[in-house]
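> my questions are about this predicted structure, shown below with the sequence.
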There are 2 protein chains.
Amino acid sequence: MTPTAARRPQAVRTPAGQARDKILATAFRLFYAQGLRAAGIDTIIAESGVAKATFYKYFPAKDDLILAYLEKVDGVWTGQLHAAAEAAGPDPADRLVGLFDALASACRRDGYRGCAFINAAAESASGTRVHERTVAHKEHIRAWIRDLAVQAGAPDPDQLARSLTLVLDGGLASGVLDADPAAATAARHTAAQLVSASLRRNP
Amino acid sequence: MTPTAARRPQAVRTPAGQARDKILATAFRLFYAQGLRAAGIDTIIAESGVAKATFYKYFPAKDDLILAYLEKVDGVWTGQLHAAAEAAGPDPADRLVGLFDALASACRRDGYRGCAFINAAAESASGTRVHERTVAHKEHIRAWIRDLAVQAGAPDPDQLARSLTLVLDGGLASGVLDADPAAATAARHTAAQLVSASLRRNP
DNA sequence: AAGTTATCAGACAGACCTGTCTACGGCAAG
DNA sequence: CTTGCCGTAGACAGGTCTGTCTGATAACTT
């Protein structure tokens, strides 16, 4: 009837500039818990508490949100790995083993579902931006581990980095099946074996 | 107009009893190549060349087809692992290393996209039949490897089996990123290191 | 020859998904 | 105070998805 009757209560308003963060936080949670395809845009918008138009302003397409999500995961996970490595002490050889503590911590977290990147890659065709981003992440990790192996004086740092990333990825991949802490413990143990075996000839 | 005008040419007819196999073969291909969600029922039906009603007769729901697919993958992959292990000779220690040749062979195949089970688990919520089936598969593999470790006289077969499955899963998980044969080679090399290190005290 | 069974073709329903668009409300800067 | 920006609410379009149903045909069985 009257224009006044059409007024809507406007509910709660997100402060300017914070909408993007809220969306990304929700996406982080839902993408990781349910998968990239299973988590729909509508759900993410509803749980973020933002309007649809606001969402599409910051993320013109779902793929953009997925990439932002992967960027965030990269930062978080890389940070945890670095922190775990540094917590093991100044010796690079210790750090190579200590980084596996990040895996154990991850396993213990509620809702742990393995590696977000491996899961994302499983849902994306090769050649897509999402897939490429995943490959880049794994290469960064391996380069970092290789660097530690060089510092530790490994005779073949490439080989050692390969071995350790295999064990790390194995631990992460098994995390999507069950969050068994034994897998993380075994991964750390295996890593210690590989590191000491690799450095034995060159003490 | 006339009833005769309504007659359809009936196209090519699948021989009785073979429809299920054709569907499963198509599903095997599409599920692995695209993922469980990305491969739609309609596409599978169209590429199978069967009628929709026939499909739903054999697989009342998509989940049933997915489970049949996983069953088939299990058979194929387990067979390849066993064959690679046996090809390495009669010594159980050699077999523990030789089974990694199956990984190298898989990497070389066109359209290789890592482990179908890990990929499936990434797309399914825990607690679902699909997820449970994946966990069961991984447990079978580890039990088999553990058995080989016992035969090889490993002092701690559980630990060795854990380590080797971590490396194997790592190799498979990295396969979804890129089918790098170097990963398979490194996995075999790492496995050899772990096996010999594990048996050293007990020759 | 008649009946049974397996298959084909495709319309249809109902849900969900992504992305666009309109209309409106509050806030801050000019 | 008003103008423009950023936000909300939600309808809508066009597509895809799973799963049901009808009706007709081919092949095998009795």
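Perfect, thanks for sending it.
> spatially central residue for chain A, please.
The centroid of chain A falls nearest to residue A:73 when counting by Cα atoms, centre = their mean (3.7 Å).
> how about the contacts made by that residue?
A:28, A:32, A:116, A:117 (Cβ atoms under 8 Å, 6 or more residues apart in numbering or on different chains). Yep, even glycine has a C-beta here, placed from its N, CA and C like the rest.
> inside helices: which ones of these?
A:28, A:32, A:116, A:117 (DSSP state H).
> can you tell me the closest non-neighbouring residue to residue A:124?
Computed as Cβ to Cβ, 6 or more residues apart in numbering or on different chains, the closest residue to residue A:124 that is not its neighbour in sequence is residue A:130, at 4.1 Å.
> OK, contacts around the one you found?
So, once contact is read as Cβ under 8 Å, 6+ apart, residue A:130 ends up touching A:36, A:63, A:66, A:67, A:70, A:120, A:121, A:123, A:124.
> I'd like the contacts of residue A:73 written out as JSON lines, with neighbour count and pLDDT added.
As requested, the contacts of residue A:73 are exported to JSON lines (neighbours: other Cβ atoms under 10 Å in any protein chain shown; pLDDT from 0 to 100):
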{"residue": "A:28", "neighbour count": "16", "pLDDT": "97"}
{"residue": "A:32", "neighbour count": "19", "pLDDT": "98"}
{"residue": "A:116", "neighbour count": "24", "pLDDT": "98"}
{"residue": "A:117", "neighbour count": "26", "pLDDT": "98"}
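> does the top helix by length along chain A reach DNA strand C?
Identified as the longest helix of chain A according to DSSP H is helix A:62-87. Yes - for helix A:62-87, a contact with DNA strand C is found by Cβ under 7 Å from any atom of the strand, at A:62, A:63.
> show residues contacting the helix or strand just after that helix.
If you walk from helix A:62-87 toward the C-terminus, the next helix or strand you reach (DSSP states H and E) is helix A:92-98. Applying Cβ under 8 Å, 6+ apart, the set of residues contacting helix A:92-98 from outside is A:84-89, A:145, A:148-149, A:151-153, A:160, A:164, A:188, A:191-192, A:195-196, A:199.
> let's see it at 6 Å
Outside helix A:92-98, the residues that touch it by Cβ atoms under 6 Å, 6 or more residues apart in numbering or on different chains are A:84, A:85, A:88, A:148, A:151, A:152, A:191, A:192, A:195.
> number of nearby residues for the residue nearest to residue A:74 when sequence neighbours are not counted?
In this structure, residue A:74 finds its nearest non-sequential neighbour in residue A:137, 5.3 Å apart by Cβ to Cβ, 6+ apart. For residue A:137, the number of neighbouring residues by other Cβ atoms under 10 Å in any protein chain shown comes to 23.
> give me the element residue A:137 is part of.
Using DSSP H and E, the element containing residue A:137 is helix A:129-151.
> residue A:53 too?
Residue A:53 is part of helix A:52-58 when elements are defined by DSSP H and E.
> who are the packing partners of that helix?
Other helices and strands packing on helix A:52-58, by 3 or more Cβ pairs under 6 Å, 6 or more residues apart in numbering or on different chains; DSSP states H and E, are helix A:19-34.
> now with 10 Å?
On a contact count with 3 or more Cβ pairs under 10 Å, 6 or more residues apart in numbering or on different chains; DSSP states H and E, helix A:52-58 meets helix A:19-34, helix A:41-48, helix A:62-87.
> the first one: how far from the chain's middle?
On the basis of Cα atoms, centre = their mean, to the nearest Å, helix A:19-34 sits 13 Å off its chain's mean C-alpha point.
> is any part of that helix close to DNA strand D?
Yes - applying Cβ under 7 Å from any atom of the strand, one finds that helix A:19-34 is in contact with DNA strand D at residue A:19.
> what of the shortest one?
No - looking at helix A:41-48 against DNA strand D by Cβ under 7 Å from any atom of the strand, there are no contacts, and the closest approach is 8.0 Å.
> helix/strand/coil for residue A:39?
Secondary structure assignment for residue A:39 (DSSP: H, G, I helix; E, B strand; the rest coil): coil.
> contact partners for it?
Taking Cβ atoms under 10 Å, 6 or more residues apart in numbering or on different chains, we find residue A:39 in contact with A:26, A:27, A:29, A:30, A:31, A:32, A:33, A:47, A:62, A:65, A:66, A:69.
> please report the distance of the third one from residue A:118.
Distance from residue A:29 to residue A:118, counting by Cβ to Cβ, to the nearest Å: 18 Å.
> more neighbours, the two?
Using other Cβ under 10 Å, the more surrounded residue of residue A:29 and residue A:118 is residue A:118, with 26 against 15.
> ok, the more buried one touching residue B:114?
Yes - counting by Cβ atoms under 10 Å, residue A:118 touches residue B:114, with 8.4 Å between them.
> can you list the residues that contact stretch A:151-161?
Contacts made with stretch A:151-161 from outside it, assessed by Cβ under 10 Å, 6+ apart, are listed as A:91-96, A:141-150, A:162-163, A:191, A:194-195, A:197-203, B:182, B:185-186, B:189-190, B:193.
> can we see that at 7 Å?
Residues from elsewhere that reach stretch A:151-161 (Cβ atoms under 7 Å, 6 or more residues apart in numbering or on different chains): A:92-93, A:96, A:142, A:145-146, A:149-150, A:194, A:198-199, A:201-202, B:186, B:189.
> any stretches of chain A with poor pLDDT?
For chain A, the stretches with pLDDT under 70 are A:1-12, A:16, A:201-203.
> which parts of it sit against chain B?
A:35, A:37, A:118-119, A:121-123, A:134-135, A:138, A:159, A:162-163, A:166-171, A:173-174, A:176-178, A:186-187, A:189-190, A:193-194, A:197 (Cβ under 7 Å from any Cβ of the partner chain).
> I figured residue A:31 hits residue A:69, correct?
Yes - proximity of residue A:31 to residue A:69 meets the contact threshold set by Cβ atoms under 7 Å, at 5.1 Å.
> ok, residue A:124 to residue A:29 distance?
Using Cβ to Cβ, residue A:124 is found at 20 Å from residue A:29.
> cool, and residue A:160?
If you go by Cβ to Cβ, the gap between residue A:160 and residue A:29 works out to 36 Å.
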